[in-house]
Structure formats: structure tokens, C-alpha cells
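In: From the sequence below, what's the structure:
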Amino acid sequence: MRLRGLPRNALLVVVGLVLGAGVFRGENFLEQRLIDLRFFIAANARTEESISDHAAIVLMDAGSEVKLSTPYGVRWRRFHPDLIRQLNGAGASLLVFDSVFVDQDPALDPPFAAAIRQAGNVIAGEERASVTDPALQESFLALGTIRIAQLGGVPRLIRTGTASEGFTPLAALAAGEYARRSGRTAPALPGAGSIWIDFRDPPSYFPAFSYAEVLDPHGGRLRDLSTALSRPLSVLSGKMIFIGRDEGEPSRTDRFPFPNTMGRLYAGVYGHAYAADMLIRASQITRCSRWVDAAATLALLMMLVVVLGIRVRVLRVASLSLLPLAAFLVCQLLLSRMGVWLGFAPMLVGFCSALGLHWVLVRISLAASLSRAVGFDPRLIEAFRRESLPQGGSLRKEVAILIADVRGYTAFVSRSDAGTASLVMREYMAAMERCVTDQGGYVNKYVGDEIVAVFGFPLDSTRKAERAASAGIAMLDELGRITADWRRRRLSSFERIGIGIDAGPVSFTEVGGRTRSQFDIIGDCMNGASRVEQLTKELGRSLLISEEAFRALETGDRLAGRFELIKTVVVRGQGERRIFGLVR
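Out: Predicted coordinates for the structure are as follows:
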């Protein structure tokens, strides 16, 4: 099948690419959901439990509120100095508060500020520049923005454009200071732009401890909230310690579904820990360009075209099922092993679009094939099926049957080469079918050089015999025209046909398969039309009709006057019948 000269396979590829182009970047909803699934698989495919060498988390959780008998808020500043001393005593390299200190407390700020200055390794966050409590602002080693760019309500990006404005993201600030203190190379950040955060590790990758337990560790050990394992206090040594709020209730604001959790909510401080750890390890995610996404989509579409050409249905269906799975596995391996984010959404959209278009084109082709096979709108088959179901799958209808047969067909074929015979018969059949369809009938079947046409069901049921007779006369006229054309073209041909028409009741039943269906006709009318057609040879006439068909013409004077009684014959199984012939 072609559309404006474009081959079907090329059309599938073009449509798949065009529709896939709408999702060639990661900022669309579908790609976000798919990359979340891939991060989740990567995080849960870890064969061994490992923890970060660079970061740990302290959560100001609901359990700490109970143990400290103090709701979270400004009054927690009375505990912060002890926390700072405890963490630094355990060998922490850097303390990072994922908190804003906007409100002032004249009683608690001075000792807190003194502890910060004495430690010299405390960083805090701000929602925007210069809003921190003035009594604390100068005490912190640095201040950074706590905002992590979200797409679809999920933290995903570090926006580095704020660095040029002197307000660095908290995670980048922490990574840079940690690298300086540990003698590492400071992570390079673009002056403006975004960095996708690497979420290929599960949240349990970061040791996480309750604030109150860190203040008072039992036996020098802490219970890891992520794994419930007991870890020594030394696990904090040499690490960045991110301190953040964990409300513990989904309705509270600082909890987020991270990309690797498939909707499970975690404290927002995890986002800063992921981002900082990623920068230290230089393991950030590399997002492929639109052109790479397009090339991958094109490759998948080309493989789809190849698979659609497989003739064995079971193998074709199995391959169609495996293609998107194989593409997903390739994308997953690139992400898990190399940190390369190849867009799967464009491949999926392109594949499904092309496959859907293929299905539509096949259905259109099958409908056209079926229409050619049965000679009418295939939707009429459904009406026939509904009507015939209560009657055992068959219907009895009044129709007119026309049978046309070529005279001297065997001799014509024997004296003609195969190419000429095929061409002549193809032009003859097409011309005769036009005569039938112009009168509201349809060709029920071709039997060699014989044509069987039906008038009355399932198409127009009025003036059946009249339209059949008109079609027969038109066929003779058309034969004269095309035989003249064949002679002009010096083609070997035939010049005579015989046409027999009968009218009466027949039974229709559907026979056929998935791609071809036709009505099989059973009844005396069918046999009668065949017998009348055979009489054209005996009587030397081109068009004969039965008495039943002639009676139906009597109301149409124009046609009735063109037929005359020829003779009465005995038809086996039908008795005596009067036969009328066309007056030429």
C-alpha cells in the first residue's frame, strides 16, 4: 500500500519519527516516569549493600521531637551546639544544615553562633539571599540555596545558574568545601545551566540517623534508620553530614518521591546528599542529545519494519513483543553501567505510533480486499451475520442471478500466448464487472472465464430482474467496444459471450476466512441461471432470461419489449420453463 507515492514502510518510519520527536527530551511527563523506573531498577539491582564514603544524614524526625520533648522549630537551636560538637567529635568533615534560619531568638542565637564559629565547618541553606537571621549569618562558613529543581513534583536537577549570582546550590557548595578539606579536586560546575542528579543508588546508600540518637549514642553505636543496622559512631568520620527535617507524615511539605523510589516519600535532605555525593564522585548523569534520541528511535523503527516482514505469525508476534523490551534493556544498561541517559520515551512513542499505523493500514487494506472480494461494503457482512444468526447462519432472499460465459475460451487460450491471454481476460473481467456494479449488482464469484453476478441482496432489492437485464445488455455492448479495441491493438481475443438470467428465491450463507469472504448461493434460481446460460449455446443467442425474470420486466415496458419468447424447455428438477431471448 502506498500513500501519495510513499511506500508503507517509509511511511511507518516517518510517522514514528515525527510523533517521537515530541518527546526527544527528558522534560516530558512520559520520559520522567520512564527514567524514574530505570533509576528504581538500577538502585534495586545492586548486588551488595554499600554505603556512601562521602555523605551521611541526620534527620530531625518525629521520634527526636518526642525524646527531646520539644516540637521542631526555633527552640531546637538549644540542641544544635551539642549536635555540632558531637558530630565533629566523631570526625565529621563538614556539617550541612538543610534548614533556613530566618527567625531570631535573642536567647538561643548567641550560643548557637559561638558553636558554629568554633567548629568552622558548618554550612546552612537559604531560600533566597540575605534572609538568614543576622545574628547567625556571619557565623556560618557559607550559605547556599536549598532549592532543588523539580519536574513533575520530583527533585531532579541542580540549577547552577545561581552560582554566577553569588548564590550557589547547597549541594554544590558542600561538595566544593568537602573536596577542599579532603584534598580532592573541586568539582567543576557550569557557570549557568543544570546538572541531572545521579539517583542510581537506593536511599539506603546514605547512613541515616535520628537527631536525638546522635546527641546521645548508646555504647558509641547508632541505628541506621534506612536499614535498621547498628553502626559505630565512626561511620560519620570524614564525611559530609547533611542535617535535615523529616516530618514523617506524607502531608508535610519536606518529603518527596525521589526518582529511584517509585513514589515513596523521603526527606528532602536526601536530594542534597545525592547531589553532593554525585559531584564528589564525578558520576553525574549524561543526558543524550535530541539527535542521539532520534537516531536510536530510527534504529528501532527500522528493526520494526524488518520484524513486520516476518511471514511466520508466531515468530512475528514474539519479535514485536521483544523489540521494545530489548530497547528498554539497552537503555537500562547504558544508565546503570555508564550513567548515560538515552531517551526511551521517543522510542516507545515512535514504536507504538508506527505499529498502530501499520495496524490501521492493514485493516484498511483488508477492508479494501474484502470489499473487492465480496463486491460491496464489508460492513454489510456484519448486518448479514446479525440477521442470519437466528436462522442458523443463512438467509432466504428473492434475487436475480446473471451468469456470463466466454464462447470459444479454450480455443482463444490455445492460440494466444500467456501474456496476451492474461491481459485480455483482465480487461474483459474489469469491463464486465463495471457493467454489473453500474446496475447495483455485484460479482459473487469468478469461475474460470465464467462470471456469477447477483442483484437484490445484500444491495438494492428493488427492480432486481430489470437491473440484471440492463446489466446483461450493457455487457454485450461493452464487449463490442473492447473487442474493437483488441483488434485495433492486434491482440488475439474472443468475440462472443453467453448470458443467462433467472429470478427467484435462493439461500445465502457466508463462506470464507479472515481476509476473504463471500456469499455462497444455494437454490433453484442459481441452477436455473446456469441452465439458461447453457441454452445460449444451443439456441445461438447471446442473452436469454427465464419466464420469472421476464414477468418482472413487464412493468418496465422499455425492457420487456426487447425480449421475445424463444421456446419452452425442460429443466431437470424444475420442470418446463419458458425462455425469452434478447431481440437484437
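
In: Quick check: R490 is in a helix.
Out: No - counting by DSSP: H, G, I helix; E, B strand; the rest coil, R490 falls outside a helix, being coil.

In: Quick one: neighbours of it, just the number.
Out: Residues near R490, counting by other Cβ atoms under 10 Å, number 8. Using the backbone N, CA and C atoms, a C-beta is placed for each residue, glycine as well.

In: swap in L329?
Out: For L329, the count of nearby residues is 11 (other Cβ under 10 Å).

In: and the next element down the chain from the helix or strand it falls within?
Out: According to DSSP states H and E, L329 maps onto helix 313-338. Sequence order places strand 340-341 as the next helix or strand after helix 313-338, per DSSP H and E.

In: per-domain residue ranges of the chain.
Out: 2-24+288-371, 52-286, 391-582 (automatic domain parsing).

In: Throw those domains into a markdown table and include mean pLDDT, thanks.
Out: Output for the domains of the chain, formatted as a markdown table (pLDDT from 0 to 100):
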| stretch | mean pLDDT |
| --- | --- |
| domain 2-24+288-371 | 84 |
| domain 52-286 | 88 |
| domain 391-582 | 86 |
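
In: and the ones you listed as TSV, adding distance to I41?
Out: Below are those laid out as TSV (distance: least, Cβ to Cβ, whole Å):
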stretch	distance to I41
domain 2-24+288-371	6
domain 52-286	9
domain 391-582	40
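
In: Spatially central residue in this protein, please.
Out: The centroid of the chain falls nearest to C352 when counting by Cα atoms, centre = their mean (2.9 Å).

In: Starting from V15, give me the distance back to that one.
Out: Computed as Cβ to Cβ, to the nearest Å, the C352 to V15 distance reads 11 Å.

In: again with R128
Out: R128 is 47 Å from V15, by Cβ to Cβ.

In: Which of these two has more residues huddled nearby?
Out: Shown here are R128 and V15; by other Cβ under 10 Å, V15 has more neighbours (17 against 11).

In: Assign a three-state SS to the residue nearest to the centre of the chain, would you?
Out: Going by three-state DSSP: C352 is helix.

In: now it: how far from A208?
Out: Distance of C352 to A208, given as Cβ to Cβ: 41 Å.

In: go on, E564?
Out: 106 Å.

In: Equivalent analysis for V96, please.
Out: When distance is defined by Cβ to Cβ, V96 is 14 Å away from A208.

In: These two: who's more crowded?
Out: Between V96 and A208, V96 has the larger neighbour count (other Cβ under 10 Å), namely 34 against 26.

In: tally of neighbours for M338?
Out: Neighbour count for M338, taken as other Cβ under 10 Å: 11.

In: Name all residues that make contact with it.
Out: T286 (Cβ atoms under 8 Å, 6 or more residues apart in numbering).

In: Residue numbering should commence at 9 henceforth.
Out: Yes, from this point I'll number from 9; that puts the last item at M346.

In: what does stretch 157-165 rub up against?
Out: So stretch 157-165 is contacted by 34-35, 37, 40-41, 44, 156, 166-167, 202-205, 264-267, 276, 279 (Cβ under 8 Å, 6+ apart).

In: Filter the residues you listed down to the buried ones and hand me the ChimeraX line.
Out: The buried residues among the contacts of stretch 157-165 can be selected in ChimeraX (16 or more other Cβ atoms under 10 Å) with this line:
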select :34,40,44,156,166,167,203,204,205,264,265,266,267,276,279
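
In: Among the contacts of stretch 157-165, which lie within helices?
Out: Taking DSSP state H as the definition of helices, the contacts of stretch 157-165 contribute 37, 40-41, 44, 279.

In: quick one: the nearest residue to R85 once chain neighbours are set aside from A70, how far?
Out: In this structure, R85 finds its nearest non-sequential neighbour in L116, 4.1 Å apart by Cβ to Cβ, 6 or more residues apart in numbering. According to Cβ to Cβ, L116 stands 22 Å off from A70.

In: For R586, give the beta-bridge partners.
Out: Beta bridges link R586 to T576, judged by DSSP bridges.

In: Tell me, how many residues neighbour it?
Out: Neighbourhood size, R586 [other Cβ under 10 Å]: 14.

In: wait, what's in contact with it?
Out: 554-555, 558, 573, 575-576.

In: cool, L223 as well?
Out: Here L223 is in contact with 76, 87, 90-91, 94 (Cβ under 8 Å, 6+ apart).

In: now do S291
Out: 206, 208, 347.

In: any chance of those residues in TSV, with neighbour count and distance to E221 too?
Out: Supplementary listing: those in TSV, determined by neighbours: other Cβ atoms under 10 Å; distance: Cβ to Cβ, whole Å:
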residue	neighbour count	distance to E221
D206	22	29
R208	23	29
G347	18	34
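
In: what comes up buried for stretch 554-572?
Out: So, applying 16+ other Cβ under 10 Å, buried residues of stretch 554-572: 554-558, 560-561, 567-568, 570-571.

In: Present the residues you listed as JSON lines; the columns should include distance to A236 and secondary structure.
Out: Below are those laid out as JSON lines (distance: Cβ to Cβ, whole Å; DSSP: H, G, I helix; E, B strand; the rest coil):
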{"residue": "S554", "distance to A236": "95", "secondary structure": "strand"}
{"residue": "E555", "distance to A236": "99", "secondary structure": "helix"}
{"residue": "E556", "distance to A236": "94", "secondary structure": "helix"}
{"residue": "A557", "distance to A236": "93", "secondary structure": "helix"}
{"residue": "F558", "distance to A236": "99", "secondary structure": "helix"}
{"residue": "A560", "distance to A236": "93", "secondary structure": "helix"}
{"residue": "L561", "distance to A236": "97", "secondary structure": "helix"}
{"residue": "L567", "distance to A236": "97", "secondary structure": "helix"}
{"residue": "A568", "distance to A236": "101", "secondary structure": "helix"}
{"residue": "R570", "distance to A236": "101", "secondary structure": "coil"}
{"residue": "F571", "distance to A236": "101", "secondary structure": "strand"}
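
In: Nearest to R16 among those?
Out: A557 (45.7 Å; Cβ to Cβ).

In: unless I'm mixing things up, E572 is touching G589, no?
Out: Yes - counting by Cβ atoms under 8 Å, E572 touches G589, with 6.2 Å between them.

In: which residues in the stretch 9-158 of the chain form helices?
Out: Counting by DSSP state H, counting those that start in this stretch, one finds helices in the stretch 9-158 of the chain at the ranges 16-28, 37-52, 70-76, 88-97, 117-127, 142-145.

In: any idea how far V368 is from S422?
Out: 46 Å.

In: my bad, L45
Out: Applying Cβ to Cβ to L45 and V368 gives a distance of 29 Å.

In: In terms of neighbours, single out the busier of those two.
Out: Comparing L45 with V368 by other Cβ under 10 Å, the one with more neighbours is L45, at 16 against 10.

In: before we move on, back to that, and the residue nearest to R85, how many residues sit next to it?
Out: 18.

In: before we move on, the earlier item: in JSON lines: the helices of the stretch 9-158 of the chain, plus distance to N452.
Out: Putting those into JSON lines (distance: least, Cβ to Cβ, whole Å) gives the following:
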{"stretch": "helix 16-28", "distance to N452": "31"}
{"stretch": "helix 37-52", "distance to N452": "50"}
{"stretch": "helix 70-76", "distance to N452": "81"}
{"stretch": "helix 88-97", "distance to N452": "91"}
{"stretch": "helix 117-127", "distance to N452": "96"}
{"stretch": "helix 142-145", "distance to N452": "94"}
